[in-house]
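>>> Build me a structure from this.
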Amino acid sequence: MEFPAELRNKINELAEKEELKTLKASAARLSESYRSENANGKRGAVSRIDALSYAAVRMSATFAAVSKALELSLKCFDGAINSVLDVGAGTGAGTIAAALLTDCENIVCIEREPNMLKLGQELCEHLGVQADWQSRDISQGIGAKADLVICSYCLNELPETRRAAAVTELVNATKKLLVIVEPGTPYSFSEMKRTRQLLLNNGLTLAAPCPHENECPLPQSDWCHFTARAQRSKLHKLLKNADAPYEDEKFCFLAAAKADCSPCAGRILRKPQIASGMITLSICGADGIASKTVTKNSPLFKAARKSDCGGEFPPERNIL
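Numbers count the residues shown, from 1 in each chain. All right, here's what the predicted structure looks like:
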């Protein structure tokens with residue numbers, strides 16, 4: 001799903017009122033903090049400038065990752081979504097993705113940083129997404145419930161000693177489906193494996209990406225992650241000194257449900273390998289990870305040709 005053009009234009013309009021040098025310095029600090037992976041409770045985007053530079057260089061990538069995670073998760077969920085809670089909402093990327101994918105108007109956003117909250121509220125209102133924005137730190141309790149709870153790029157900002165309690169808070173806030181998104185790095189995946197077990201211990205059913213609830217079959221040297229492509233604006237390229245018109249955001253995610261869940265039979269873990277007359281897929285299933293080669297004379301070949309990393313296979317929800 002494309003980042004809304006009117007939202008990109010609004011961010012550019014707001015950024016034009018600030019000094020480019022100041023925005024670039026803030027963007028560099030935020031990028032360094034993001035690369036460190038484990039914020040361990042340190043505050044990130046604090047000032048108005050920080051919030052603006054975050055919106056310019058990170059919001060489209062966050063939107064792309066959360067959108068793809070939600071699309072894959074909702075495909076495995078059979079119930080209706082009538083309310084959304086975005087925990088650690090930032091500048092509203094996850095909120096906007098959820099609003100566009102669910103058409104739900106009952107949305108609550110929780111954010112601890114005042115300037116991120118104010119900008120997120122402004123951007124959502126500009127796009128016509130109505131949400132109740134509340135100032136709260138997840139480590140101090142959530143205090144709200146919803147059918148769909150989203151928590152993106154948030155848990156890794158908490159001190160390690162508070163993450164398990166935060167996951168319990170998220171579970172208690174979830175009526176139907178919980179979706180957690182984090183950076184697609186080995187460190188974040190190792191944390192997500194711990195989160196996965198906490199969700200199972202709390203009685204939730206894994207909806208995505210895992211097609212089973214067995215122990216993760218990936219070796220310690222590997223990690224499960226997916227990719228979402230985000231287009232870069234002119235401002236984004238300027239602040240990041242980048243030339244490419246897009247960036248590929250790597251992310252890992254978990255979706256767990258309290259009811260109405262239909263996990264897929266197999267999840268594609270890597271980009272399909274295409275050769276003459278055949279496509280080879282790396283698929284995670286209940287029996288572990290297997291390599292499957294689909295030849296041109298197979299009824300599954302058309303589906304394999306359209307498949308991508310993160311998708312389901314076999315495509316039992318698709319018409320062959």
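>>> Can you mark which positions in the worst-scoring helix or strand of the chain on mean pLDDT are buried?
One helix or strand of the chain scores below all others by mean pLDDT, DSSP states H and E: helix 20-35, with a mean of 85. Within helix 20-35, the residues that qualify as buried are 23, 24, 26, 27, 30, 31, 33, 34, counting by 16 or more other CB atoms under 10 Å. Yep, even glycine has a C-beta here, placed from its N, CA and C like the rest.
>>> who touches the third one in this structure?
Just to be clear, that refers to residue 26. Residue 26 makes contacts with 47, 49, 50, 52, 53, as judged by CB atoms under 8 Å, 6 or more residues apart in numbering.
>>> now the fourth one
When contacts are counted by CB under 8 Å, 6+ apart, residue 27 touches 53, 56, 57, 239, 240.
>>> Let me know whether the fourth one touches residue 23 as I believe.
It refers to residue 239. Yes. Counting by CB atoms under 8 Å, residue 23 is a contact partner of residue 239 at 5.9 Å.
>>> Quick check: neighbours shared by these two?
53, 56.
>>> now stretch 254-269: mean pLDDT?
The average pLDDT within stretch 254-269 is 94.
>>> Report all helices and strands that whatever helix or strand residue 94 lives in contacts.
Under the criterion of DSSP states H and E, residue 94 resides in helix 93-102. Judged by 3 or more CB pairs under 8 Å, 6 or more residues apart in numbering; DSSP states H and E, helix 93-102 is in contact with helix 59-74, strand 84-87, strand 107-111, helix 114-127, strand 146-152.
>>> Okay, buried residues for the second one please.
Spelled out, it's strand 84-87. Under the neighbour-count criterion of 16+ other CB under 10 Å, strand 84-87 has 84, 85, 86, 87 buried.
>>> Quick check: chain neighbours aside, which residue is closest to residue 248?
Setting aside the residues directly before and after it, residue 248 is nearest to residue 227 in space (CB to CB, 6 or more residues apart in numbering), at 4.9 Å.
>>> Go ahead and produce PDB holding the CA coordinates of the helix or strand harbouring that neighbour.
For residue 227, the host element (DSSP H and E) is strand 226-231. Written as PDB, here are the backbone C-alpha positions of strand 226-231 (Å, rounded to 0.1, in the frame of the first residue of the first chain):
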ATOM      1  CA  PHE A 226      10.200  -9.500   5.700                       C
ATOM      2  CA  THR A 227      10.600  -6.500   3.400                       C
ATOM      3  CA  ALA A 228       8.300  -3.600   2.500                       C
ATOM      4  CA  ARG A 229       9.300  -1.100  -0.100                       C
ATOM      5  CA  ALA A 230       8.800   2.600   0.700                       C
ATOM      6  CA  GLN A 231       9.200   5.500  -1.800                       C
END
